[in-house]
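Novice: Here is a sequence with its predicted model. Questions after.
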Amino acid sequence: MLSQISKIALPKAASSISLNSLQQLERISLKSLKNYRACNIAKTSRRFLVTENSDPLNNEEEDKIPEEGTITVNEKTVGNAVKHEFKTETKRLLDIVAKSLYSDKEVFIRELISNASDALEKVRYLQLTDEKALDESVANNPAEIHISINKKERTIIFQDFGIGMNEDEVNNNLGTIANSGTLAFLKKLDQSSSSAKENMIGQFGVGFYSCLMVAEKVEVFTRSAHKGSKGYCWTSDGTGSYDVAEADGVTVGTKIVIHLREDCKDFADISTVQRIIKRYSNFVQYPIVLNNKRLNTIQALWTMNKNEITEDQHIEFYRFIANAHDKPQFTLLYKTDAPIQISSLLYVPQYHSETMGLGRMQPGVSLYSRKVLIQAKCKQLLPEWLRFVRGVIDSEDIPLNVSREMLQDNALIARLKNVMTTRIIKWLLEESKRDPEKYKLFASNFGNFLKEGICADYGFKTDIAALLRFPSTKTGKDEVTSFDEYVEKMPKDQECIFYTCTPNRSIVEDSPYYEPFKQNDVEVILCHEAIDEFVMNNLHLYKGKRILNIESQAAAEEIAKKNKVENAASKLDEKEEKEMIEWVKESLGKALVSQVTVNNRIASTPALLRDHDASISRRLMMMMPGSKLSGMPIPPQRLEINTSHRVIVGLNRLRKTKPEIAKEVMRQVYDNALISAGLLQDPRTIIRRLNKLMENVVEANDTEVKTETKTETETKN
């Protein structure tokens with residue numbers, strides 16, 4: 001409460017009150033405050049009136065709201081009204097406010113409710129600190145905000161029983177927008193771009209004047225809460241002038257009577273006003289009563305202390321704010337005053353709709369300022385990859401009358417976004433350490449959001465990477481590891497993190513690329529998702545360690561440094577190796593291979609492709625919908641042949657006796673290497689060649705059998 005009091009405009013006499021005095025005054029019993037119901041509301045735990053399948057913005061109350069309001073306008077002016085002309089610059093500013101400040105006219109309801117809440121807070125403070133200075137009626141007035149609508153008369157009335165205004169305050173607060181500097185403001189406005197104008201207007205503080213967007217006439221009846229104060233009536237149509245007159249029958253506080261324009265008559269409709277109040281002002285701390293029916297029955301949990309909130313309250317609030325049926329998986333109540341004031345309550349659901357094919361999720365965190373909604377599902381509040389997070393972020397540093405346009409390029413919002421993104425990443429990391437098994441389930445369901453963050457949020461990619469979980473060649477079934485755990489287990493002489501992209505573990509075990517890593521007992525991270533290759537390429541480094549695909553030349557060079565297994569001896573002499581290399585180049589052609597080298601470390605396979613990073617990117621692009629790469633030829637590859645393998649040794653002999661068949665076999669060896677590298681676009685293209693190869697093998701065998709039979713016959717004869 002003290003932090004709220006510090007933001008209220010206080011009388012000079014109250015400015016010398018010490019902090020200890022305020023703390024002592026806060027401990028005054030409720031009895032000493034008589035019928036001040038707001039204190040009781042602030043300290044009484046309330047249950048949420050919301051069902052599992054309710055809409056948080058359109059939840060209907062059990063009791064129907066009366067169609068006609070009960071606030072009457074019985075005040076009467078005394079004597080002649082004094083007409084005041086708005087200054088030229090003020091007229092112009094009012095016109096700008098009415099046309100440019102807000103994207104939606106409905107926010108005038110939010111603005112007037114916020115003003116009423118401030119007025120009630122101010123009178124509450126005076127009740128605690130200087131009750132003798134207040135009018136006797138204040139103690140018996142309800143600490144409530146009343147709204148009354150009359151569809152027939154096309155009126156909407158707002159009444160609070162707060163601090164009110166005297167004559168000077170009426171002229172200063174309602175007759176002038178910003179007592180000084182208006183002309184300078186307008187000059188600066190003329191020199192600014194349209195977006196900058198919105199920014200300046202948002203900082204100007206003209207919440208009350210938003211009602212002129214919908215009104216053809218506004219009447220304000222007000223009386224100061226201080227003893228001996230008279231009542232006054234302020235009237236204006238928002239054009240050139242306003243009238244101020246003394247009035248009788250005015251209750252302490254402020255009553256605003258808005259006569260709606262014909263094109264704005266919807267604001268005299270019960271359901272419309274109820275929807276707007278629930279959308280913007282559900283968490284205002286004082287009761288909002290619409291036509292004698294209270295609307296806001298939900299506590300702003302983010303303003304409470306962590307140990308005051310029960311698990312059931314969290315579940316109910318989460319279901320309300322997220323319009324969900326499940327329970328939150330993780331919960332974060334986060335508050336800070338630096339570098340920006342923030343009170344937030346965030347949740348991670350157990351499930352998300354994108355796995356069900358329901359399209360891209362909308363942002364799930366709403367922006368509030370002092371418990372008043374600024375924007376629901378605010379896109380500028382968190383990066384898009386955090387769209388699965390649900391909850392509320394409240395910052396008193398955000399002006400209440402900030403326009404939606406201002407949110408797009410406001411430096412304060414950018415700072416808020418950065419602070420909250422950092423805290424959410426830290427929160428998820430804390431959850432991973434608190435309960436690894438529970439976090440493993442989260443990483444399985446929400447991992448693609450994190451991977452999207454690595455690709456889209458460059459400044460946070462290393463921090464996000466710490467949240468990822470992958471299986472590896474050294475984890476058991478259903479177990480996963482993190483980058484940090486991988487690095488911690490690395491031998492001192494290992495300088496890189498190795499990974500491979502594969503649909504399942506068994507394919508890796510049979511991969512020729514994995515063979516040297518297995519022989520040298522090097523752990524390899526297993527990536528099973530299509531996006532993983534793109535993620536690893538974007539990440540590139542993790543805490544100074546290079547991240548390498550085991551199929552790359554760089555990975556081959558790294559594993560060669562620590563190779564513990566002797567290479568198989570070549571079964572071809574140096575001259576035959578050179579001749580074999582030249583023959584392979586000639587047989588396959590420049591369109592298929594750019595280079596042919598010998599690698600006898602790959603004992604189990606006759607050949608493989610190396611350094612196909614460009615092809616890795618190509619493979620990723622081929623996964624994308626609408627890719628035009630499927631019909632394009634694969635670029636020339638670097639081929640490594642194993643001269644200790646029986647196939648290559650046999651080919652060396654076959655090329656000398658049956659060159660055509662040898663050429664077909666070599667092409668099949670190359671196709672097999674493409675398959676191992678995941679680069680064969682359409683396996684059907686090799687069927688014809690494979691059939692031809694088998695025909696040649698069968699024919700060669702038949703010829704050999706016939707030759708042997710003929711020889712045997714001739715021998716017998």
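Specialist: Nice, thanks for sending it over.

Novice: Now do the buried residues in the helix or strand where G650 lies.
Specialist: Under the criterion of DSSP states H and E, G650 resides in helix 646-657. Across helix 646-657, burial judged by 16 or more other CB atoms under 10 Å covers V647, I648, V649, L651, N652, L654, R655. C-beta here means a position set from N, CA and C on the backbone, and glycine is covered the same way.

Novice: gap between that helix and the chain center?
Specialist: Mean-position distance between helix 646-657 and its chain equals 60 Å (CA atoms, centre = their mean, to the nearest Å).

Novice: quick one: average pLDDT of that helix?
Specialist: Computed over helix 646-657, the mean pLDDT rounds to 90.

Novice: can you list the residues that contact the next helix or strand after it?
Specialist: Per DSSP H and E, the first helix or strand lying C-terminal to helix 646-657 is helix 659-677. Contacts to helix 659-677, defined as CB atoms under 8 Å, 6 or more residues apart in numbering, come from residues 511-513, 551, 584, 587-588, 592-593, 605-609, 612, 615, 634, 637, 639, 647-648, 651, 654-655, 680, 683, 686, 689-690, 692-693, 696-697, 700.

Novice: Alpha carbons of helix 659-677, as CSV, please.
Specialist: This file holds the C-alpha atoms of helix 659-677, laid out as CSV (Å, rounded to 0.1, in the frame of the first residue of the first chain):
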residue,chain,number,x,y,z
PRO,A,659,34.3,-51.5,-67.4
GLU,A,660,30.6,-51.0,-68.1
ILE,A,661,29.5,-53.1,-65.3
ALA,A,662,32.1,-51.5,-63.0
LYS,A,663,30.8,-48.1,-63.9
GLU,A,664,27.2,-49.1,-62.9
VAL,A,665,28.4,-50.6,-59.6
MET,A,666,30.4,-47.3,-58.9
ARG,A,667,27.2,-45.3,-59.5
GLN,A,668,25.4,-47.5,-57.1
VAL,A,669,28.1,-47.0,-54.5
TYR,A,670,27.7,-43.2,-55.0
ASP,A,671,23.9,-43.5,-54.6
ASN,A,672,24.4,-45.5,-51.4
ALA,A,673,26.5,-42.6,-50.1
LEU,A,674,23.8,-40.2,-51.0
ILE,A,675,21.3,-42.3,-49.0
SER,A,676,23.7,-42.3,-46.0
ALA,A,677,23.9,-38.5,-46.2
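
Novice: how about it: buried residues?
Specialist: 661-674, 676-677.

Novice: now stretch 251-263
Specialist: Buried residues in stretch 251-263 (16+ other CB under 10 Å): T251, V252, G253, T254, K255, I256, V257, I258, H259, L260.

Novice: chain center to that stretch, what's the gap?
Specialist: 39 Å.

Novice: Name the residues that touch it?
Specialist: With CB under 8 Å, 6+ apart as the criterion, stretch 251-263 contacts 71, 73, 75, 112, 116, 119, 123, 135, 137-138, 141, 154-165, 211, 214-225, 229, 267-268.

Novice: With just CA atoms, put it into CSV.
Specialist: Output in CSV follows, covering the C-alpha atoms of stretch 251-263 (Å, rounded to 0.1, in the frame of the first residue of the first chain):
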residue,chain,number,x,y,z
THR,A,251,-22.6,14.2,-2.9
VAL,A,252,-18.9,14.1,-1.9
GLY,A,253,-17.0,12.7,-4.8
THR,A,254,-17.6,13.0,-8.5
LYS,A,255,-20.5,12.1,-10.8
ILE,A,256,-20.0,12.2,-14.6
VAL,A,257,-23.1,12.2,-16.8
ILE,A,258,-22.4,11.4,-20.4
HIS,A,259,-25.0,12.1,-23.0
LEU,A,260,-24.1,9.8,-25.8
ARG,A,261,-24.0,10.7,-29.5
GLU,A,262,-26.4,8.8,-31.8
ASP,A,263,-23.6,6.8,-33.4
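
Novice: Give the rounded mean pLDDT of that stretch.
Specialist: Computed over stretch 251-263, the mean pLDDT rounds to 95.

Novice: again, but for stretch 661-677
Specialist: For stretch 661-677, the per-residue pLDDT averages 89.

Novice: okay, now the domains of this protein?
Specialist: Following automatic domain parsing, the chain resolves into domains at 2-294, 305-434, 470-561, 574-609+633-706.

Novice: so how far is stretch 543-555 off the chain centroid?
Specialist: For stretch 543-555, the distance to the chain centre is 31 Å (CA atoms, centre = their mean).

Novice: That one spans what distance, first to last residue?
Specialist: 18 Å (CA to CA, to the nearest Å).

Novice: list the buried ones in that stretch?
Specialist: If you call a residue buried by 16+ other CB under 10 Å, then stretch 543-555 has these buried ones: I547, L548, N549, I550, E551, S552, A555.

Novice: hmm, back to that, quick one: which of the domains of the chain is nearest F442?
Specialist: For the domains of the chain, proximity to F442 was assessed by CB to CB; domain 305-434 is nearest, at 6.1 Å.

Novice: Now do the closest one, average pLDDT.
Specialist: Here the average pLDDT along domain 305-434 is 90.

Novice: Stretch 518-527 too?
Specialist: 94.

Novice: what about the strands in the stretch 201-350 of the chain?
Specialist: For the stretch 201-350 of the chain, the strands defined by DSSP state E, counting those that start in this stretch cover 215-223, 231-236, 241-248, 253-260, 288-290, 293-294, 330-336, 342-348.

Novice: okay, those in CSV with distance to K83 next?
Specialist: Shown next, in CSV, are the strands of the stretch 201-350 of the chain (distance: least, CB to CB, whole Å):
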stretch, distance to K83
strand 215-223, 15
strand 231-236, 10
strand 241-248, 5
strand 253-260, 19
strand 288-290, 34
strand 293-294, 39
strand 330-336, 49
strand 342-348, 45
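
Novice: Those strands: which one's closest to I149?
Specialist: Across those, closest to I149 is strand 288-290 (CB to CB), at 7.5 Å.

Novice: How much space separates I321 from S432?
Specialist: According to CB to CB, to the nearest Å, I321 stands 24 Å off from S432.

Novice: Compare these two (neighbour count), which wins?
Specialist: Higher neighbour count among I321 and S432: I321, with 24 against 19, using other CB atoms under 10 Å.

Novice: And that one, how far from K377?
Specialist: With distances taken as CB to CB, I321 is found 11 Å from K377.
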